[in-house]
Every structure is written in C-alpha cells, then in structure tokens.
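Colleague: here is the input, now give the coordinates:
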Amino acid sequence: MNALSITLGGLSAAQSRFETSARRIVAGGAEAGNRLVEQTTGDGAGAPEAGPRASGASAGALSPDTTRAMIDMMQAETAFKANAKVAGRLQDMQRAYLDMMAPRDRT
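Modeller: Reported below is the predicted structural model:
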C-alpha cells in the first residue's frame, strides 16, 4: 500500500505543478496583451500611433517565463501520465494477488 500512497502523492504534485504553470501562462499572456495595447495606442483614446515602438522582441513573442511555464506544464503532464500508469499497474497486481489468495472450489 506504500507504493500506492507514493503514486497518489506524485499525481497530486503533478496536478499542482500543471495548475501553477497554467496560471503563469495566463499571467504572461495578459502582460503581453497589455504591452501590445500600450504599443498600439498613443493617447490612451484608442488611436494608433504612427508606428510601433521599437523593442527587442516582436509584440507576439513569448516571454522566457511563459516558455518555461509551458515546458513545466508538459513535464507535469508526462509525470501525471506516468503516475497514473503506475497506479493502474498496482491495481492489477493487487487484483492478481487477491485472485491467488481466494479459496478455490475443490469439487
């Protein structure tokens, strides 16, 4: 039963990591949207500027934190799938053990 509790802990940790990464991605997207709005509006009244401000990256580029969050999310997904597969195997092993221990009809 110890293996099952470890696996359930792994599932919980992967889920938490996935949710944290998703929040970071959403926050990064909101920040990028705000920057894009600031770059395309001049006087705050919605009128576009004569041209976009010069910046080191394009307006649609992902920030390094967003990219790391996406990688973390994919790793969390892989960890969750692996732990779920282990939990399934443990269930199969427990079922096989109970089948072996069950009394047989000797007629």
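
Colleague: pull out the buried residues from stretch 25-39.
Modeller: Buried residues in stretch 25-39, counted by 16 or more other CB atoms under 10 Å: 25, 28, 32, 39. For every residue, glycine as well, the C-beta is placed using N, CA and C.

Colleague: would you list those in JSON lines and tack on pLDDT and secondary structure?
Modeller: Below are the buried residues of stretch 25-39 laid out as JSON lines (pLDDT from 0 to 100; DSSP: H, G, I helix; E, B strand; the rest coil):
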{"residue": "Ile25", "pLDDT": "91", "secondary structure": "helix"}
{"residue": "Gly28", "pLDDT": "86", "secondary structure": "helix"}
{"residue": "Ala32", "pLDDT": "83", "secondary structure": "helix"}
{"residue": "Gln39", "pLDDT": "85", "secondary structure": "helix"}
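
Colleague: what's the most distant pair in those residues?
Modeller: Greatest spacing in those, by CB to CB: Ile25 and Gln39 (21.0 Å).

Colleague: out of the buried residues of stretch 25-39, which is nearest to Ala102?
Modeller: Ile25 (49.5 Å).

Colleague: isn't that closest one right next to Met73, touching?
Modeller: Yes. Counting by CB atoms under 8 Å, Ile25 touches Met73, with 7.1 Å between them.

Colleague: mind checking which helix or strand of this protein has the lowest mean pLDDT?
Modeller: Of all helical and strand segments in the chain, the minimum by mean pLDDT, DSSP states H and E falls on helix 2-40, at a mean of 91.

Colleague: follow the chain on from that helix and name the next helix or strand.
Modeller: As assigned by DSSP states H and E, the chain's next helix or strand after helix 2-40 is helix 64-101.
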